[in-house]
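Engineer: Here you go, sequence then predicted model.
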Amino acid sequence: SSTMGTAATWKLLMLGWSYRNGLAVPHTMPTKGFTGGLSRLLEVGYSQNVVKFDFASLYPSIQLTHNVFTDCDVTGAMRGLLQYNYDYRNLYKELKSKHAKLGEKEKSEYYDKKQLPLKILNNGMFGSISAPHVYPWGDTNMGEKITCTGRQYLRHMIRYFNKRGFKPLVGDTDGFNFSIPSDVDKFRYISNGEHRFNEKGVEYTGMNAVVAEYNDVYMKGVMGLDVDEICEATINLARKNYADLIDGKVKLVGNTIKSKKLPTYIAEFIDD
């Protein structure tokens, strides 16, 4: 299983479940194209004080919250397996964070390695469902429903933060980068504890206040919005091609920005 793709792994799991429970395996179906996740570049060039907000495990969370599974899975095995993996991944992430705060690097890295395969497998269920010609329990319409729902969540999040002075820059599928407003510290919010990310009665300030309110008001089921990273500065060259300055280190993303054909003045600017 260490060398096969996630669709093959899910197929083996479901074949095993079907065999143990005396269930017939559905016929495969023809596949078709459909619109994927939202990917937009709204601002080209240099920006300072940038935050990336992203939805935690967007596609698996959409499936669990909105029950996006196929009808041919008559026992609900896919949902049960995904929920199990989802819960254990979150447990390992919590343990990773806990040991990191305690300075226990080895244990933190151990739990990071425990959560990563589950992340890959969970995200792979979307790909499996979207490939009914390979995965007998697939349905392209359900794959399209997942991506469509994801686009609506992303658009809603962009509108919410834009109204509060955050300037959208670039984003892809499950998250978006925003320029942080200079008056961000004015925001205050006391959580009612509605969302699992928030503590009841705690007053959140600044950017955390805006995120906490968004989670309490809009994030239902297992949906949740996180602060993924904060950058001192970014340079957006093209969609999915950018440079981030984080804690004094430059992070390059995308083939264009890593290319030897990158204009010299941009390369020198990044190096400086």
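Structural biologist: Great, that's in hand. Numbers count the residues shown, from 1 in each chain.
Engineer: C-alpha only now, for contacts and for neighbours.
Structural biologist: Noted.
Engineer: residue ranges for the helices of this structure, please.
Structural biologist: 6-20, 58-66, 77-101, 105-129, 140-163, 206-218, 255-258, 264-271 (DSSP state H).
Engineer: ok, and what's touching the first one?
Structural biologist: In this case it means helix 6-20. 1, 24-25, 77-78, 120-121, 124-125, 127-128, 134-136 (CA atoms under 8 Å, 6 or more residues apart in numbering).
Engineer: Grab the CA positions of it and hand them over as CSV.
Structural biologist: Presented in CSV, the C-alpha positions along helix 6-20 are these (Å, rounded to 0.1, in the frame of the first residue of the first chain):
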residue,chain,number,x,y,z
THR,A,6,-5.0,6.8,-2.7
ALA,A,7,-7.8,5.7,-5.2
ALA,A,8,-6.3,2.2,-5.2
THR,A,9,-6.1,2.2,-1.3
TRP,A,10,-9.8,3.3,-1.0
LYS,A,11,-10.7,0.6,-3.6
LEU,A,12,-9.0,-2.1,-1.5
LEU,A,13,-10.7,-0.9,1.7
MET,A,14,-14.1,-1.0,0.1
LEU,A,15,-13.5,-4.3,-1.6
GLY,A,16,-12.5,-5.8,1.7
TRP,A,17,-15.6,-4.3,3.4
SER,A,18,-17.8,-5.7,0.6
TYR,A,19,-16.3,-9.2,0.9
ARG,A,20,-16.7,-9.3,4.7
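Engineer: and the direction of it versus that of helix 105-129, what angle?
Structural biologist: 80 degrees (axes from the mean of the first three to the mean of the last three CA atoms, to 10 degrees).
Engineer: Could you list the buried residues of helix 6-20?
Structural biologist: 6-7, 9-11, 14-15, 18 (16 or more other CA atoms under 10 Å).
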